[in-house]
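[1] Prediction below, plus the sequence it came from.
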Amino acid sequence: MRIERVELYEVPVATPPGWRTALGKAAPEVPRILVSVAHGDAVGWGEVVAGPSPAFSGEHVGSAWMALEQFVLPPLLGRELHDPESLEQLLCWRRIRGNRMAKAAVEVAIWDLFGQCHGIDVGARLGGTHRAVPIGTSIGLHPDIDTLLELIDRRVKAGFRRIKCKIEPGHAIAPIRAVREHFPAIELTVDGNGSFTRDDFALFEALDELSLAMIEQPLEPYDLVGHASLQRRLRTAICLDESITSAAHAETAIALGAGRIVNVKIGRVGGLSEALRVARACAAAGVGLWCGGMLETPIGRYASLNLATLPMFGCAHDIPPHGHEGRDGFAGPTLTMVDGMLAAPSGPGLGLEVDYRLIERRRKRRFRLSHRESVSVPGPARAWEAGGKEVRPDPLAPLPRCAMEPLTAAFE
Ligand code: MG
């Protein structure tokens, strides 16, 4: 399978109304990068889950676009790929440190393309066995407790299997205690997005009394020793999110006892292959697993849904069903939640159909790389049709050496 054409699209995506976490308040719309890779008539899709700012991981839409355009995509073009598992080594991606969300989007797109070209279901190829997976929901920070309780009531009635409430310093004990009093039987978790410090251990000891299913990412991502110290004080399991960016990080966290659950995000760890390695490391150590969410479009959600079918994933996932929080519109089939469960997608590929024309209409900019041309198109679709394009340097120059030269030069 040869990659003949790669395209990037930046599209605006609606966020849940009033969405706020310890990392900040989201604008009503945020930019997202969608990646397509093509072989003949077959097209695979992936999504860069980086947001407009580097708050979550250090990556953001601007840095990811540049990394893709300059370093990640050029080595890909024209290469013969026999299977997606060998992609990272073939393309020397380990020489591109970080930029995991950018690399993950391309890797997922290639898994999708590979599945389509060979009639293979990606979930099954990964080893997935679940025919349906449980779904939870995440609720942002709300200053008013009554509003929070109302929102949770609606989500519980909608059938979500787990309710996760975001917390931050000054907004943790009172709202969560109120939620627990009103909903004594729900599976309830909290997520601090790394906003607390080692000075806040007493606060978590108070939360420990509220029968939470887990406390997600209480401390800053790099403080694994702090997480281990906190975990020793708590009965409640700590779940690591931002801390785990690779299987090696997962193994370190496990060795330190920094948590008992890991939330796997394909973008955060750099792709499906690394997500699989994280899952295997956790499962071998008896660490619980589930798939987290990043306000994805259906493209990212389908990728997570395929991963969530793995037998070691047992907790409810943050994979919103169709129509939930306004992030649908250009990919299907519909993700319908039945009794708090989503059915596993059926292949080939990720199992989704993308409405290419709708993406083209919505896009803010596009970049296309093929053997014939390398074209960057700002602005709406009309500019492209009118020929408003900028031809870049020779795309047929030797690869991947060509793409790595800027990196090499920086060290010479
Ligand atoms: Mg989280």
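    Done, it's in.
[2] Give me the neighbour count for whatever residue of the chain ends up closest to the ion.
    Nearest to the ion in the chain, going by CB to the ion, is D241, at a distance of 3.7 Å. C-beta here means a position set from N, CA and C on the backbone, and glycine is covered the same way. Close neighbours of D241, defined as other CB atoms under 10 Å, add up to 21.
[3] give the contact list for it.
    Counting by CB atoms under 8 Å, 6 or more residues apart in numbering, D241 makes contact with 191, 193, 216-217, 262-263, 265, 268, 292.
[4] let's go with 7 Å and repeat that
    Listed by CB atoms under 7 Å, 6 or more residues apart in numbering, the contact set of D241 reads 216-217, 263, 292.
[5] okay, those residues in CSV with pLDDT and neighbour count next?
    Shown next, in CSV, are those (pLDDT from 0 to 100; neighbours: other CB atoms under 10 Å):
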residue, pLDDT, neighbour count
E216, 98, 26
Q217, 98, 25
N263, 97, 27
G292, 95, 25
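[6] Could you list which of those residues also contact the ion?
    E216 (CB under 5 Å from the ion).
[7] Would you mind measuring from the residue of the chain closest to the ion to L219?
    As judged by CB to CB, to the nearest Å, D241 and L219 stand 11 Å apart.
[8] just for the chain, where's the confidence low?
    90-93, 323-329, 372-412 (pLDDT under 70).
[9] need the next SSE after the longest helix anywhere in it, C-terminal direction.
    For the chain, the longest helix by residue count, based on DSSP state H, is helix 100-118. Of the helices and strands lying after helix 100-118 in sequence (DSSP states H and E), the nearest is helix 122-126.
[10] name the helices or strands packed onto that next one?
    helix 100-118, helix 298-308 (3 or more CB pairs under 7 Å, 6 or more residues apart in numbering; DSSP states H and E).
[11] Next to the ion, which bits of the stretch 51-200 of the chain? Give me the list.
    Proximity of the stretch 51-200 of the chain to the ion (CB under 5 Å from the ion) is limited to residues D191.
[12] Show me where the stretch 51-200 of the chain has its helices.
    For the stretch 51-200 of the chain, the helices defined by DSSP state H, counting those that start in this stretch cover 61-67, 87-90, 100-118, 122-126, 145-158, 173-182.
[13] And for the stretch 301-412 of the chain?
    356-362, 381-385, 401-411.
[14] Among the helices and strands packed on helix 122-126, which comes closest to R368?
    R368 lies closest, by CB to CB, to one member of these: helix 100-118, at 14.1 Å.
[15] Name the residues of the closest one that are buried.
    Using 16 or more other CB atoms under 10 Å as the burial criterion, the residues of helix 100-118 that qualify are 100-117.
[16] and if you look at stretch 215-229?
    215-221, 223-224, 226-229.
[17] Looking at these, which are in strands?
    Judged by DSSP state E, the buried residues of stretch 215-229 include 215-216 as members of strands.
[18] right, and the pair among the buried residues of stretch 215-229 with maximum separation?
    The most widely separated members of the buried residues of stretch 215-229, counting by CB to CB, are E216 and S229 (17.0 Å).
[19] coming back round to it: could you take the contacts of D241 and lay them out as JSON lines, with extra columns for distance to R5?
    Converted to JSON lines, those look like this (distance: CB to CB, whole Å):
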{"residue": "E216", "distance to R5": "39"}
{"residue": "Q217", "distance to R5": "38"}
{"residue": "N263", "distance to R5": "34"}
{"residue": "G292", "distance to R5": "31"}
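[20] now, the most widely separated pair of the contacts of D241?
    Farthest-apart pair in the contacts of D241 is Q217 and G292; separation 9.8 Å (CB to CB).
[21] returning to that earlier point: which one of the helices of the stretch 51-200 of the chain lies nearest to W45?
    Each of the helices of the stretch 51-200 of the chain has some distance to W45 by CB to CB; the shortest is helix 100-118, at 5.4 Å.
[22] mind checking how far the closest one is from the chain centre?
    Distance, stretch centre to chain centre, for helix 100-118: 13 Å (CA atoms, centre = their mean, to the nearest Å).
[23] repeat for stretch 265-278
    Using CA atoms, centre = their mean, the offset of stretch 265-278 from its chain centre is 9 Å.
[24] Could I have the CA atoms of that stretch written out in PDB?
    The C-alpha coordinates for stretch 265-278 follow below in PDB (Å, rounded to 0.1, in the frame of the first residue of the first chain):
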ATOM      1  CA  LYS A 265      -6.100   8.700  24.700                       C
ATOM      2  CA  ILE A 266      -4.700   7.800  21.300                       C
ATOM      3  CA  GLY A 267      -3.600  11.400  20.500                       C
ATOM      4  CA  ARG A 268      -1.800  11.800  23.900                       C
ATOM      5  CA  VAL A 269       0.300   8.700  23.400                       C
ATOM      6  CA  GLY A 270       1.100   9.100  19.700                       C
ATOM      7  CA  GLY A 271      -1.200   6.600  18.000                       C
ATOM      8  CA  LEU A 272      -3.000   3.300  18.100                       C
ATOM      9  CA  SER A 273       0.200   1.200  18.200                       C
ATOM     10  CA  GLU A 274       1.500   3.000  21.300                       C
ATOM     11  CA  ALA A 275      -2.000   2.900  22.800                       C
ATOM     12  CA  LEU A 276      -1.900  -0.800  22.400                       C
ATOM     13  CA  ARG A 277       1.500  -1.000  24.100                       C
ATOM     14  CA  VAL A 278       0.200   1.200  27.000                       C
END
